[in-house]
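> Predicted model and sequence follow; I will ask about them next.
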Amino acid sequence: MSEEKFSYPCISEKAWWTLRNQFKKTIPAEITDVFIQTLLGMQSKSSARNNILVPLRQINFIDGEGKPTDLLYDFRLDDKYNGVCSKILKDVYPSELLDLFPDQEVDKIKVANYFMSKTKAGSAQTRKLAAFFTLLKSGKIGETGTQNKKSKKASPKKQESNGSITQHNQATSQENAGELTSPTIEKNKKNMSIHIDLQIHISPDADAEQIDHIFESMSKYLYKD
């Protein structure tokens, strides 16, 4: 088989973990295009067949009739997951590629360039091929690969506690408001002052003695302690 015609498997990370979660629950006697289309919400049976069923055969998860293999059953088990990935890498990919990238962490761009040099696929497809290769090389179960994650929801007890704290804070704020308001009013009362504007009309006919008498009376009655 020539290098240009060699076909490499490609399954998106989302579909990979969705399949694993489903197979951990149950594995049908035959994995069909309708099963895949329904599970992954794909638009057509042909899309499910070309994008999922073909790669599943390439990595030996199903045989030619769509029946699951022992490798697929091992795929469900956490303690065997890494070994499944290693077997797929060894059985599917050329030794040249594995020798170029022996570590778990690989450079996706370099891997994509390798696929582009060996296939007729475009840049978008080779990036997908590189992404699946990288997923297998890591050999790690991602967060979306298990359904044992518990949703983080506040317990009623915690919510009740938060409510009590809120009520307490509101009550404290009201008390503080009262404590601050009362002395302030008392202080303002002590510092109150009265401002009076007086208009004095003096007759143009008044002499100097009369004017002096007017201001003398003002000083006596208005400024008296």
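Yep, it's here. Numbering: from 1, shown residues only.
> okay, the residue nearest to L98 when sequence neighbours are not counted: pLDDT?
Of all residues not flanking L98 in the chain, L89 sits nearest, at 6.4 Å (Cβ to Cβ, 6 or more residues apart in numbering). To be clear about C-beta, it is placed using only N, CA and C from the backbone, and glycine gets the same treatment. Looking at L89, its pLDDT is 98.
> Then L77?
Listed pLDDT for L77 reads 97.
> ditto for I211
So I211 comes in at 71 (pLDDT).
> cool, and F35?
Per-residue confidence (pLDDT) for F35: 98.
> Equivalent analysis for A171, please.
So, for A171, pLDDT stands at 52.
> In which helix or strand does the residue nearest to L98 reside?
Using DSSP states H and E, L89 falls within helix 78-92.
> buried ones in that helix?
Judged by neighbour count (16 or more other Cβ atoms under 10 Å), helix 78-92 contains these buried residues: Y81, V84, C85, K87, I88, L89, V92.
> Hmm, L136 and the fifth one touching each other?
In this case it means I88. Yes: using Cβ atoms under 8 Å, I88 is in contact with L136, at 5.7 Å.
> from what I can see D33 touches K45, true?
Yes: when contacts are counted by Cβ under 8 Å, D33 is listed as touching K45 (4.1 Å).
> one step back: distance of the residue nearest to L98 relative to I59?
Using Cβ to Cβ, to the nearest Å, we find L89 at a distance of 10 Å from I59.
> now E105
According to Cβ to Cβ, E105 and I59 sit 21 Å apart.
> Can you list the residue ranges for helices in this protein?
13-25, 33-40, 45-48, 54-58, 70-75, 78-92, 95-100, 108-118, 123-138, 156-190, 208-222 (DSSP state H).
> worst average pLDDT in those?
Mean pLDDT is lowest for helix 156-190 out of the helices of the chain, coming in at a mean of 51.
> OK, contacts around G83?
D74 (Cβ atoms under 8 Å, 6 or more residues apart in numbering).
> go on, the one 10 residues further on?
Applying Cβ under 8 Å, 6+ apart to Y93 gives the contacts Y8, F133.
> Kindly state the pLDDT recorded for it?
So Y93 comes in at 97 (pLDDT).
> And it, how close does it get to S86?
Distance from Y93 to S86, by Cβ to Cβ: 11 Å.
> T69 reaches I62, doesn't it?
Yes: using Cβ under 8 Å, T69 is in contact with I62, at 6.4 Å.
> For these two, work out which one has more neighbours and name it.
Set T69 next to I62 and count neighbours by other Cβ atoms under 10 Å: I62 wins out with 20 against 15.
> and that one, bridged to which residues?
As for beta bridges, I62 partners with P68 under DSSP bridges.
> Who are the contact partners of it?
By Cβ under 8 Å, 6+ apart, the contact list for I62 reads I31, L53, L56, P68, T69, L72.
> And it, how close does it get to W17?
Plainly put, I62 is 18 Å away from W17 if you go by Cβ to Cβ.
> Please apply the same query to D212.
106 Å.
> neighbour count winner among those two?
Per other Cβ under 10 Å, whichever of D212 and W17 has more neighbours is W17, with 18 against 11.
> So the more buried one is in contact with K140, correct?
No: in this structure W17 lies outside contact range of K140 using Cβ under 8 Å: 11.6 Å.
> Report pLDDT for Q199.
We have a pLDDT of 65 for Q199.
> do the same with K120
pLDDT for K120: 86.
> Could you tell me how many residues sit around it?
Per other Cβ under 10 Å, the neighbour tally for K120 reads 8.
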